[in-house]
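In: predicted model, plus sequence, below.
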Amino acid sequence: MTLSIGVGVGDHPDIRPAVQSAVLQARAQLGRVLPQAAYITCTVDHDAAQVHAAFQEVLEGVALHGVTTSLGILTPDGVRNPGSGAVAVMLLGGEPGTAFTSSSQEADGRKAGEAAARELVQQAGGRQPKMILFNASPGLEEDMLQGIANICPGVPCQGGSAADHTISGQWSVFTQQGPVTSGLSLLGIFGEVRLGTSLSTPYAATGTRARATGTQGRTLKTLDGQPASQVLGQWLDGAIDRQVRSGGNILAQTALRPIAVRRTAGSREHYVTVHPAQIHAAEGTVEVFARIDPGDEVCLMSGSPEALVGDVAHLIDSALAQGGMTVREVKGAALIFCAGCAGALGARIDEGLRSFQRLLPGVPMLGLCTFGEQGHIPGLGNVHQDLSLSLTLFA
């Protein structure tokens, strides 16, 4: 069972013609191969329920999966969103049994991951997937990944968390049944497909670091016994002094200077980047977009727009090497780009995206901007982090 890939984008202001255009483009790339699953996305300028209904109508009998994207649809030519919204689809074609989708709205993240993974395996007659495309609402990704690992040990997961334009909770997860604001959707890939994956942290670790001495979920309370907000304020040289005093959002101030947790696997080292989001002045705490555990070593990271632009090419090279594939063998690509990184780049994101034209010319690519990224790190397994890029190549 080989896998075929087709990608289409629609930016007509009306949903039905936008969806029809995207599907026509994707089907043309599949040729006579029948689609088995569809990875769909749209910006929140469009109503998610209407987008889902339109895809369901045009792709009758095809399993649906996906999330909403921030900013727009990412393509090798740049970002597509004329301001009135955009939709996109990646069709995965092949023989029956090539791909299945599943979902869960369990409130417990671990149970949600287990339920969705179990459903995938059952649909496949007990077979384990070659890999899983993972998409979820922000908040419980680490627990969901653990739940998946309990049912599908060692299976790599690549993906991103649902997003909107303003971090206001307008995002949606697309399941086969319809869009939900809180939940998990999986797309399992089976059969004779070769995959190359990479999860990139486009920042360098600095010597500034401390031990997490007080945490609760995604709230960082203390670093080396001191209020986390005060320590972070010192690290950022006054850039967030007002928020330390009065509270407030610090996403923009930390997009190029985030924090990270150092993880080791044998001789390998990986920095799990974490985006500080909000300071609560009265408590001296910092809300973050990924979990930090007590005892973790937390360090300040440093990046630049130039490093973010250049990291797209590095990501492609890394995924090709990991999959042991040549450019000519690549049939399609799924790119996950952190919305925080995209915001820090501004219009220069198009410069980075054009690396696909240069390094993977003609390869169908679906790209999303997300509020959290997931990928597989050898020796560590599947991890959730922020301010990163995740890429899957299909060959």
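Out: Yep, it's here.
In: need the residues that contact the longest strand along the chain.
Out: Taking DSSP state E as the criterion, the chain has its longest strand at strand 204-216. Here strand 204-216 makes contact (C-beta atoms under 8 Å, 6 or more residues apart in numbering) with 220-225, 228, 231, 235, 260-262, 271, 291-303, 307. Backbone N, C-alpha and C define where each C-beta goes, glycine included.
In: can you tell me how far Asp108 is from Ala149?
Out: 15 Å (C-beta to C-beta, to the nearest Å).
In: out of the two, which sits in the more crowded spot?
Out: Per other C-beta atoms under 10 Å, whichever of Asp108 and Ala149 has more neighbours is Ala149, with 18 against 14.
In: surely that one and Leu380 touch.
Out: No. Ala149 lies out of contact with Leu380 (C-beta atoms under 8 Å); the separation is 11.3 Å.
In: which residues of the protein fall in helices?
Out: Ranges of helices within the chain are 15-30, 48-58, 109-123, 141-151, 228-235, 241-246, 251-254, 305-323, 339-345, 349-353, 355-359, based on DSSP state H.
In: which one of these lies closest to Thr181?
Out: Closest to Thr181 of those, according to C-beta to C-beta: helix 48-58, at 8.8 Å.
In: distance from the closest one to the middle of the chain?
Out: Computed by C-alpha atoms, centre = their mean, to the nearest Å, the chain-centroid distance of helix 48-58 equals 22 Å.
In: equivalent analysis for stretch 206-219, please.
Out: In terms of C-alpha atoms, centre = their mean, the centre of stretch 206-219 is set 23 Å apart from its chain centre.
In: buried set for that stretch?
Out: By neighbour count on 16 or more other C-beta atoms under 10 Å, the buried set for stretch 206-219 is Thr208, Arg209, Ala210, Ala212, Thr213, Gly214, Thr215, Arg218, Thr219.
In: find the centremost residue of the protein, please.
Out: Geometric centre of the chain, nearest residue: Gly160, 1.7 Å, by C-alpha atoms, centre = their mean.
In: picking that back up, turn the helices of the chain into TSV, including mean pLDDT and distance to Ile132.
Out: Shown next, in TSV, are those (pLDDT from 0 to 100; distance: least, C-beta to C-beta, whole Å):
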stretch	mean pLDDT	distance to Ile132
helix 15-30	98	21
helix 48-58	98	21
helix 109-123	98	7
helix 141-151	98	7
helix 228-235	98	33
helix 241-246	97	37
helix 251-254	96	29
helix 305-323	96	16
helix 339-345	95	22
helix 349-353	96	25
helix 355-359	96	23
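In: can you redo those helices as a markdown table with distance to Phe371?
Out: Converted to a markdown table, these look like this (distance: least, C-beta to C-beta, whole Å):
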| stretch | distance to Phe371 |
| --- | --- |
| helix 15-30 | 23 |
| helix 48-58 | 15 |
| helix 109-123 | 16 |
| helix 141-151 | 10 |
| helix 228-235 | 20 |
| helix 241-246 | 20 |
| helix 251-254 | 10 |
| helix 305-323 | 17 |
| helix 339-345 | 6 |
| helix 349-353 | 16 |
| helix 355-359 | 23 |
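In: between these, which gets nearest to Pro202?
Out: Nearest to Pro202, of all these, is helix 305-323, at 3.8 Å by C-beta to C-beta.
In: still on that earlier bit, PyMOL command to pick out the buried ones of the contacts of strand 204-216?
Out: Those of those that count as buried under 16+ other C-beta under 10 Å are selected in PyMOL with:
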select buried, resi 220+221+222+223+228+231+235+260+261+271+291+292+296+298+299+300+301+303
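In: narrow the contacts of strand 204-216 to those in strands?
Out: 220-223, 260-262, 271, 297-302.
In: next, the contact list for the nearest residue to Ala239 once chain neighbours are set aside, please.
Out: Nearest residue to Ala239 in three dimensions, chain neighbours excluded: Gln253, at 4.9 Å (C-beta to C-beta, 6 or more residues apart in numbering). Residues near Gln253 by C-beta under 8 Å, 6+ apart: Leu236, Ala239, Ile240, Gln243.
In: counting neighbours, what do you get for the third one?
Out: Same thing as Ile240. Quick note: Ile240 (other C-beta under 10 Å) scores 24 neighbours.
In: how near is it to Leu251?
Out: 11 Å.
In: and if you look at the first one?
Out: Leu236 sits 13 Å away from Leu251 when distances are taken as C-beta to C-beta.
In: ok, back up a step: tabulate the buried residues of stretch 206-219 (JSON lines), appending pLDDT and distance to Asp14.
Out: JSON lines is the format used below for the buried residues of stretch 206-219 (pLDDT from 0 to 100; distance: C-beta to C-beta, whole Å):
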{"residue": "Thr208", "pLDDT": "98", "distance to Asp14": "51"}
{"residue": "Arg209", "pLDDT": "97", "distance to Asp14": "52"}
{"residue": "Ala210", "pLDDT": "98", "distance to Asp14": "52"}
{"residue": "Ala212", "pLDDT": "98", "distance to Asp14": "49"}
{"residue": "Thr213", "pLDDT": "98", "distance to Asp14": "54"}
{"residue": "Gly214", "pLDDT": "97", "distance to Asp14": "51"}
{"residue": "Thr215", "pLDDT": "97", "distance to Asp14": "47"}
{"residue": "Arg218", "pLDDT": "96", "distance to Asp14": "38"}
{"residue": "Thr219", "pLDDT": "97", "distance to Asp14": "43"}
